[in-house]
Every structure is written in C-alpha cells, then in structure tokens.
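Student: I'll drop the sequence and a predicted model, then ask my questions.
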Amino acid sequence: MSAALALLGTALLPAVAQAQAYPSKPFTFIVPFAAGSATDQLARALATSVTEQTRQAVVVDNKAGASGMLAAQTAARAAADGSTVLITTNTTHAANEHLYKKLPYDPVKDFAPVTGLGKGGQVLVVSVASPYKSVAELLAAAKKSPGKLSFGSGSSSSRVAGEMLKQLAGVDILHVPYKSNPLAITDLLGGQIDLMITDTATGVPQIKGGKLRALGYSTHKRSPQLPEVPTLDEAGVKGYDMGYWFAAYVPAATPPAVVHRLNELLVNAVKSAPARAFFESTGSDAWSTSPEELAKFQAAETAKWGKVIKAAGIEPE
C-alpha cells in the first residue's frame with residue numbers, strides 16, 4: 001500500500017509543482033470582440049487586478065469577427081498552462097452552436113470553465129436624428145413598410161435580441177451583421193442602419209452623450225443606469241426578456257490545480273475596484289462561480305439560447 005501511495009504521490013508532483021509555480025509568465029486575455037466593447041472593457045478591468053495580484057503583465061488580445069469564432073478557436077489551441085484565458089460571453093459558449101452549422105471549436109470539449117464574470121442587459125437604441133421617439137412608433141413604421149428598416153448587431157446577443165424583437169412584435173426588419181457592437185454603433189450614428197439592441201457598456205455612454213436615443217431595455221426589470229427607459233415588455237413587446245453574460249475559459253487540457261488558482265485570481269478580480277467601476281458604469285452585475293457551477297450554467301444557457309433561436313426562426317448559417 002505504501003509503495004502504491006508513494007507512486008501516486010510521485011505522479012502528482014509535476015501537477016503540484018506547476019500549480020505552485022503558477023503564474024510564472026505573462027497572461028494573454030483573448031477577447032472575441034473589438035476594443036471598446038463591453039467584453040473588452042471588462043477584460044481590461046480584470047487584467048488590472050490580476051496584474052496587481054500576481055505581478056505578471058496581462059495582454060488583452062482583441063480578435064473580433066466571425067461571431068467570436070476566431071477568438072474561441074485561437075484560445076482552444078493555445079498552450080494549456082493557464083497563461084491564455086478566453087474572456088468571452090454567451091455568444092461563443094451558448095449561442096453560436098445554434099447559429100452556425102459548423103464551428104471551428106467545441107464550446108464544451110475544447111475548454112475548461114474557470115468562472116462566471118458578470119451579467120447584464122441590452123438596450124434598444126436609435127440615433128437622436130431618428131424620427132422614432134418610442135418603441136410603439138418604431139414598430140408602427142416597421143409594420144407599415146416591411147423590410148425597409150434595418151438593425152445592426154455585432155454579437156450573437158445583439159443578433160438574437162433583434163430577432164426576438166421581430167418575432168414577438170411580428171415585424172420584418174433587415175439584419176445587418178458587424179464584427180462588433182461599437183462598429184454597428186458607428187453606422188447607426190451615420191444613418192446607415194435604423195436601430196440596434198446593444199449591451200449597456202457600449203450603448204449607455206452614447207445615450208448619456210446625447211448621440212443615441214434609448215427606447216427600451218431588454219430584461220424584465222429596468223436598468224439602474226437608465227431608470228426612465230421602459231423595458232421592452234412594458235413598451236408593448238409582451239414577454240420580451242433577453243440578457244447576456246461574461247465568463248472565463250482556458251484550454252481543456254489545463255491542469256485542474258491551475259484552473260483552481262486562476263479561478264481564485266479572477267473571482268478576486270471580479271470584486272476589485274476596476275471591475276466594480278465597470279459594473280456600476282454599465283448597469284451590469286458582478287457574477288462569479290466555481291468551474292463546476294459555470295459548466296452547469298453553460299449547459300442550461302445553451303439549451304435556452306437554442307430554444308430562443310429556433311423560435312425566432314433563425315436558420316444556421
């Protein structure tokens with residue numbers, strides 16, 4: 001028995017040593033969206049705290065485009081040593097498998113969950129130059145001229161939110177895809193598209209700055225950042241409720257001890273002053289989990305998003 005235990009202890013030594021030495025080199029946080037997006041802002045806030053905790057630099061690598069698939073694929077193929085972390089959302093890990101026939105990564109098999117990071121809602125916005133002052137006016141115009149109005153989206157959350165609006169309101173609005181929500185905002189301000197449903201981190205600064213007009217909020221309760229803006233359900237789109245979430249993942253083969261340590265670092269980072277400032281300024285909520293809790297949550301969310309996408313009549317591309 002003692003010989004067997006000694007052998008087991010010897011086998012565990014490399015993993016234990018790796019965990020004790022971790023982190024021994026700079027981090028790379030891969031973000032599936034462009035600089036300025038909500039995910040990017042959160043990643044940079046978390047990076048500040050992780051650097052303070054470990055004295056290791058954190059590089060934020062924005063790999064926008066292809067609905068997050070490029071970033072997810074890159075992260076999945078990275079060295080499984082805990083130095084490369086995917087800071088992502090439900091786009092890559094709950095929605096994409098229902099939106100695309102073939103993914104260059106497996107949201108479950110290719111990753112080890114680390115922790116949830118935050119949750120939030122989205123806001124339906126138009127340019128301040130738009131003639132539409134309410135959801136009712138916007139939908140009336142959409143019903144009067146089917147297919148004439150257009151909505152932009154730079155993430156699956158934004159895309160599905162727009163499709164859900166079409167479905168529940170019974171309107172035909174043209175979808176225009178973008179690499180990220182900030183890019184869609186630029187065209188919205190320029191008049192190339194008519195509306196979009198964007199995350200609060202991207203939309204609120206433009207609303208507060210007088211460039212965008214908020215018509216409705218996407219979840220079942222109003223945003224603390226926009227208390228005067230009705231929920232879409234309150235505005236007449238009955239049953240509308242669609243939020244989003246952020247989470248951290250590493251390559252699947254990452255040692256459990258390293259995942260555990262990274263979980264500790266990121267849970268602390270979620271509670272840090274930079275992260276609190278992000279959550280307060282965007283009206284989103286801090287949210288942390290164990291790796292096991294995130295895995296269960298992801299499975300439930302994948303089923304939920306699949307149901308919404310199917311109900312919206314979105315055919316996989």
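Tutor: Noted; the coordinates are in hand.
Student: for the stretch 201-317 of the chain, just list every one of the strands.
Tutor: 212-217, 243-251, 285-286 (DSSP state E, counting those that start in this stretch).
Student: mind giving me the packing neighbours of the first one?
Tutor: Meaning strand 212-217. On a contact count with 3 or more CB pairs under 8 Å, 6 or more residues apart in numbering; DSSP states H and E, strand 212-217 meets strand 111-127, helix 135-144, helix 181-190, helix 200-208. (Glycine included, C-beta is placed from N, CA and C.)
Student: try the shortest one
Tutor: With contacts defined as 3+ CB pairs under 8 Å, 6+ apart, the secondary structure elements packing on strand 285-286 are strand 111-127, helix 273-282.
Student: export the ones you listed as a markdown table, with columns for mean pLDDT, distance to Ala43 and mean neighbour count.
Tutor: A markdown table is the format used below for the helices and strands packed on strand 285-286 (pLDDT from 0 to 100; distance: least, CB to CB, whole Å; neighbours: other CB atoms under 10 Å):
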| stretch | mean pLDDT | distance to Ala43 | mean neighbour count |
| --- | --- | --- | --- |
| strand 111-127 | 96 | 9 | 25 |
| helix 273-282 | 93 | 10 | 17 |
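Student: among these, which is nearest Lys310?
Tutor: strand 111-127 (20.3 Å; CB to CB).
Student: and after the helix or strand encompassing Val85, which helix or strand comes next?
Tutor: Val85 belongs to strand 84-89 when assigned by DSSP states H and E. Once strand 84-89 ends, the next helix or strand along the chain (criterion: DSSP H and E) is helix 90.
Student: how about low-confidence regions in the stretch 1-150 of the chain?
Tutor: Filtered on pLDDT under 70, the stretch 1-150 of the chain yields the residue ranges 1-20.
Student: out of the helices and strands packed on strand 285-286, which is closest to Ala235?
Tutor: strand 111-127 (8.5 Å).
Student: pairing partners for the closest one, with directions?
Tutor: As defined by DSSP bridges, the strand partners of strand 111-127 come to strand 195-199 (antiparallel), strand 212-217 (antiparallel), strand 243-251 (antiparallel), strand 285-286 (antiparallel).
Student: tell me which of the ones you listed is the most buried.
Tutor: strand 195-199 (a mean of 29; mean count of other CB atoms under 10 Å).
Student: quick check: Ala80 vs Asp110, distance?
Tutor: 11 Å (CB to CB, to the nearest Å).
Student: let's have the strands of the stretch 201-317 of the chain in TSV, adding mean pLDDT and distance to Pro316.
Tutor: Converted to TSV, those look like this (pLDDT from 0 to 100; distance: least, CB to CB, whole Å):
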stretch	mean pLDDT	distance to Pro316
strand 212-217	98	28
strand 243-251	95	20
strand 285-286	93	31
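Student: for Ala311, find the nearest of those strands.
Tutor: Among these, strand 243-251 sits nearest to Ala311 (CB to CB), with 16.7 Å.
Student: the closest one: how far from the chain's middle?
Tutor: Distance, stretch centre to chain centre, for strand 243-251: 7 Å (CA atoms, centre = their mean, to the nearest Å).
Student: now that strand - C-alpha only, CSV.
Tutor: In CSV, the C-alpha atoms belonging to strand 243-251 read as follows (Å, rounded to 0.1, in the frame of the first residue of the first chain):
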residue,chain,number,x,y,z
GLY,A,243,-29.8,39.3,-21.2
TYR,A,244,-26.2,38.3,-21.7
TRP,A,245,-23.3,37.0,-19.6
PHE,A,246,-19.5,37.1,-19.4
ALA,A,247,-17.3,34.1,-18.4
ALA,A,248,-13.7,32.9,-18.5
TYR,A,249,-12.4,29.7,-20.1
VAL,A,250,-9.0,28.1,-20.7
PRO,A,251,-7.9,25.2,-23.0
